[in-house]
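Visitor: sequence first, then the predicted structure:
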Amino acid sequence: MTTAFPREALRTDTLAAARALIGARIVRGSGPNARIGRIVEVEAYVGVEDRASHARFGPTRRNAAMFGPPGHAYVYFVYGMYYCLNVVTEPEGRPCAVLIRAVEPIAGLEAMRAARHAVRAERAISGAGRGAAIPDDRLAAGPGLVCAALSITRADDGADLCGPDSDLRLDARPVDEPAPSVVTGPRIGIGYAPEPWRSEPWRFWETGNPSLSKRPSPLELGR
DNA sequence: GCAAAGATTTGCT
DNA sequence: GCAAATCTTTGCC
């Protein structure tokens, strides 16, 4: 028995929503074939005033979902190769979202692995011919990899993640699972943004989780 | 209308 | 550690 992630927890402050999403589940499909990932790393993008956000130039064809109601998906295509998944936050009209940077595979690992390899073959990345095995921990350890493992594309842009019947949806952390230990730091890949946004500690992650986008140090893994 | 850079990942120098 | 792969969007001509 699982519970849909409450939309009201996304309608309010984006930084609080980002922290609350650590430990929640992203679910693709239903039944025994469902792929489930536990969110372990996210980043918050807050309004048009955030000079690191895609919303900084106002609404465009690409970022329209950011201006929509909370609890829906904003999926964008970047570098001509990868998709990235965001959860839209705050009331409709305020362009805020939380980027899902990494998830820990919980179920459907073989389907995730197959999806990763399918994307690789599709993109025809040079040198990928040998197709080295992907460790379980690394199946969705990065924003582009989350979408590859869960088969997320622009077709999912605008989908309602809080709808219990959606093919792509959010589930709350199980009540019997302890609250994760969350730490913060600067966001990644936004060197183009001026201060103070470049240095705002709006990246949230679970301490020492092996599925983080940047592999944690042995010290962190050991504690 | 065209040049340039991007909320990334991978493999090779 | 660096550059390539590749397409959408921005910014200037």
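Guide: Cool, the structure landed.

Visitor: what strand or helix carries the residue sitting nearest the centre point of chain A?
Guide: Closest to where the C-alpha atoms of chain A average out (CA atoms, centre = their mean) is A:Ile100, at 1.5 Å. Using DSSP states H and E, A:Ile100 maps to strand A:96-107.

Visitor: mind checking which helix or strand A:Leu170 is in?
Guide: Assigning secondary structure by DSSP H and E places A:Leu170 in strand A:168-171.

Visitor: now do that strand: everything it contacts.
Guide: With contacts defined as CB atoms under 8 Å, 6 or more residues apart in numbering, strand A:168-171 is touched by A:2-5, A:21, A:24-28, A:36, A:71, A:73, A:87, A:150, A:152, A:156, A:159-163. The way it works is simple: take the backbone N, C-alpha and C, and place the C-beta from them, glycine included.

Visitor: may I see the PyMOL selection of the buried members of the residues you listed?
Guide: Command for PyMOL, covering only those of the contacts of strand A:168-171 found buried under the criterion 16 or more other CB atoms under 10 Å:
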select buried, chain A and resi 4+5+21+24+25+26+27+28+36+71+73+87+150+152+156+159+160+161+162
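
Visitor: and the contacts of strand A:168-171, which of them are in helices?
Guide: Counting by DSSP state H, the part of those found in helices is A:Leu21.

Visitor: mind listing the helices for chain A?
Guide: Using DSSP H, the helices of chain A run over A:8-11, A:14-21, A:109-123, A:143-149, A:218-222.

Visitor: least trustworthy helix or strand in chain A by mean pLDDT?
Guide: helix A:218-222 (a mean of 66; mean pLDDT, DSSP states H and E).

Visitor: thought A:Pro164 was touching A:Ala4?
Guide: Yes - counting by CB atoms under 8 Å, A:Pro164 touches A:Ala4, with 4.8 Å between them.

Visitor: picking up where we left off before, comparing the helices of chain A by mean pLDDT, which bottoms out?
Guide: Set side by side, the helices of chain A give their lowest mean pLDDT on helix A:218-222, at a mean of 66.

Visitor: low-scoring stretches of chain A, by residue?
Guide: Within chain A, the ranges that satisfy pLDDT under 70 run A:1, A:123-131, A:215-223.

Visitor: just so I have it, where are all the strands in it?
Guide: For chain A, the strands defined by DSSP state E cover A:25-28, A:35-46, A:73-78, A:82-88, A:96-107, A:168-171, A:182-185, A:203-206.
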